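Undergrad: Below are the sequence and a predicted model; questions follow.
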Amino acid sequence: MNDRRTYHPLVWLLLVSTGLGRTSVFMVLPFLTLHLSKMGYTAFEAGQVVGAGWLVGSLGGLIGGFVSDRWGRMPVLLTSLFFWSLTFYGFALAESFGFFLLLSVMNGVCRSFYDTISKSLLTDLVPKKDQARILGRSYLSLNLALAVGPLLGVYFAQYSSVLVFVVTGSVMSFLVIVMGWADLQYRGDLPPFPGPGSGLSTVMKSAVRDTSLLFALLMGIIFTIGYAQIETTLPLHLKTESLSVYPALLTTNAILVVLFAIPMSNWAGSQSPIRVILISSLLFAAGLVLFGTDKASLLFAGMAVITLAETMFFPVWEAGVAQLGQDRGMKGVYLGSSGMIQLGFFVGPVLGGWLLDRTGGTVTFGMMGALALSILLMPLWVRFRDAADFRQETEEAA
């Protein structure tokens, strides 16, 4: 399905609105700490404010997914966008630490709700075989926003740091109007959502007992532990070797993501998910090992290989989680649980820094590569468990 006309118009509207929303958010994130500093808050206090949003966001997707499964995607998505816009207007007006902390928590909740529900909607509106492809487009929009957002933030911040928040809030308000119109226009095309009859605690217990979901989350966390090294351990390693090459490595990653995202998601969508997971994990491990060197050519090769791996892994991984949830009637909850892989961005820097202090860069990245290789065993273990469960059910039925 390469022809855009084969997809529902709401799919493309969601991709564009997601790109705009993420660009606006990335306008704000680099300047929130600067804004807090200008207001006299310490670096520790600023870190508390920013960190609170990410911590709450890593768990908020579960609740957002549950609510959207029960009451429908669009009503919850519109509500999250509305309160998200108020959050950014609030940042422009806030003065007290408690108010900033509350707004950061709201930002994390609204972001996790929106990300979960928008991905659920995308997978609702396309056939199963195209889900990885569409999620690859969504991943591309994230990386484009990551590149463009801070540049726009710099432009608006030269006039006023408050202006950055006002512009972001205005973009979110515009998206509320656009998506509200889309809801009225295409409401009849959306699948019905009678929702789970069980309460939140029952649904969560069911998800926690799902071995396939737990192993999928563990795969994602391990991948993000390795990926987190790019922004934390890698510059510390290069500080003793050649830190000047680091900005060029980040630029290479940004450019290659744009080049690889669409062709890789197209290719991955036509392959077995397990095959894609295995190949991307091998590439990812190899790239991490190459980061342990001090030769520029090998560092750039490592970044190219890792970028190729991430553009293969994340869309297929998210599509797999979505399919697990769809099979169990809890797609929103399952996609919401995917936010828990952000724990890898906490564990990764701590583990990487600890290893770097004690072993040096070569051993650290070698061990990170070995950790990435453990992903190879997980799809095989899940398949073994599924087969064992099937045999047990058959024996009990007999």
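TA: Looks like it came in fine. Nothing here was measured: the structure is a model prediction, and the numbers come from that model.

Undergrad: Low-confidence ranges, the stretch 201-350 of the chain, go.
TA: 201-204, 206, 240-243 (pLDDT under 70).

Undergrad: so where do the helices sit in it?
TA: Counting by DSSP state H, counting those that start in this stretch, the stretch 201-350 of the chain has helices at residues 211-227, 233-239, 246-269, 273-290, 296-327, 331-337, 344-359.

Undergrad: what packs against the helix or strand where Thr116 lies?
TA: Using DSSP states H and E, Thr116 sits in helix 97-125. With contacts taken as 3 or more CB pairs under 8 Å, 6 or more residues apart in numbering; DSSP states H and E, helix 97-125 sits against helix 9-38, helix 43-71, helix 73-93, helix 131-157, helix 296-327, helix 331-337. In short, each C-beta sits where N, CA and C put it, glycine included.

Undergrad: highest average neighbour count across those helices?
TA: A comparison of those by mean neighbour count, using mean count of other CB atoms under 10 Å, puts helix 331-337 on top with a mean of 30.

Undergrad: got the contact list for the closest residue to Leu121 other than its chain neighbours?
TA: Nearest residue to Leu121, sequence neighbours excluded (CB to CB, 6 or more residues apart in numbering): Arg73, at 4.9 Å. Contacts for Arg73 (CB atoms under 8 Å, 6 or more residues apart in numbering) come out as 117, 120-121, 124, 190, 193, 332.

Undergrad: who wins for most neighbours among these?
TA: Within the contacts of Arg73, most neighbours by other CB atoms under 10 Å means Gly332, with 35 neighbours.

Undergrad: May I see the helices and strands packed on helix 97-125 organised as a markdown table, with distance to Val258 added?
TA: Below are the helices and strands packed on helix 97-125 laid out as a markdown table (distance: least, CB to CB, whole Å):
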| stretch | distance to Val258 |
| --- | --- |
| helix 9-38 | 12 |
| helix 43-71 | 25 |
| helix 73-93 | 26 |
| helix 131-157 | 7 |
| helix 296-327 | 10 |
| helix 331-337 | 24 |
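
Undergrad: re the thing from before, nearest to Ser141, of the helices of the stretch 201-350 of the chain?
TA: With CB to CB, the closest approach to Ser141 among the helices of the stretch 201-350 of the chain belongs to helix 246-269: 9.1 Å.

Undergrad: Which elements pack onto the closest one?
TA: On a contact count with 3+ CB pairs under 8 Å, 6+ apart, helix 246-269 meets helix 131-157, helix 233-239, helix 296-327.

Undergrad: low pLDDT regions in the stretch 51-200 of the chain?
TA: The stretch 51-200 of the chain contains residues with pLDDT under 70 at 191-200.

Undergrad: rewinding a little: pull up the gap between the residue nearest to Leu121 and Ser138, please.
TA: Counting by CB to CB, to the nearest Å, the gap from Arg73 to Ser138 is 15 Å.

Undergrad: Same check on Ala268?
TA: Using CB to CB, Ala268 is found at 14 Å from Ser138.

Undergrad: do the same with Leu351
TA: 29 Å.

Undergrad: same thing with Ile63?
TA: On the measure of CB to CB, Ile63 and Ser138 end up 21 Å apart.

Undergrad: With Glu95 instead?
TA: 36 Å.

Undergrad: Can you tell me which residue is spatially central in this protein?
TA: Gly339 (6.6 Å; CA atoms, centre = their mean).

Undergrad: Quick check: that residue touching Leu55?
TA: No - applying CB atoms under 8 Å as the test, Gly339 and Leu55 come out as separate, 10.8 Å apart.

Undergrad: so who does the closest residue in space to Arg22 that isn't next to it in sequence touch?
TA: Closest residue in space to Arg22, ignoring its immediate chain neighbours: Ala145 at 3.6 Å, by CB to CB, 6+ apart. Contacts for Ala145 were tallied using CB under 8 Å, 6+ apart; they are 19, 22-23, 25-26.

Undergrad: Would you mind giving those residues as a markdown table with pLDDT added?
TA: Formatted as a markdown table, the contacts of Ala145 follow (pLDDT from 0 to 100):
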| residue | pLDDT |
| --- | --- |
| Gly19 | 86 |
| Arg22 | 83 |
| Thr23 | 85 |
| Val25 | 80 |
| Phe26 | 78 |
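
Undergrad: Make TSV out of the residues you listed and add distance to Thr233.
TA: Output for the contacts of Ala145, formatted as TSV (distance: CB to CB, whole Å):
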residue	distance to Thr233
Gly19	30
Arg22	26
Thr23	28
Val25	26
Phe26	23
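
Undergrad: Domain-wise, how is the protein divided?
TA: Domains of the chain are assigned by automatic domain parsing as 1-195, 198-398.

Undergrad: so how far is Leu288 from Ala370?
TA: Distance from Ala370 to Leu288, by CB to CB: 9 Å.

Undergrad: Can you give me the neighbour number for Gly292?
TA: 21.
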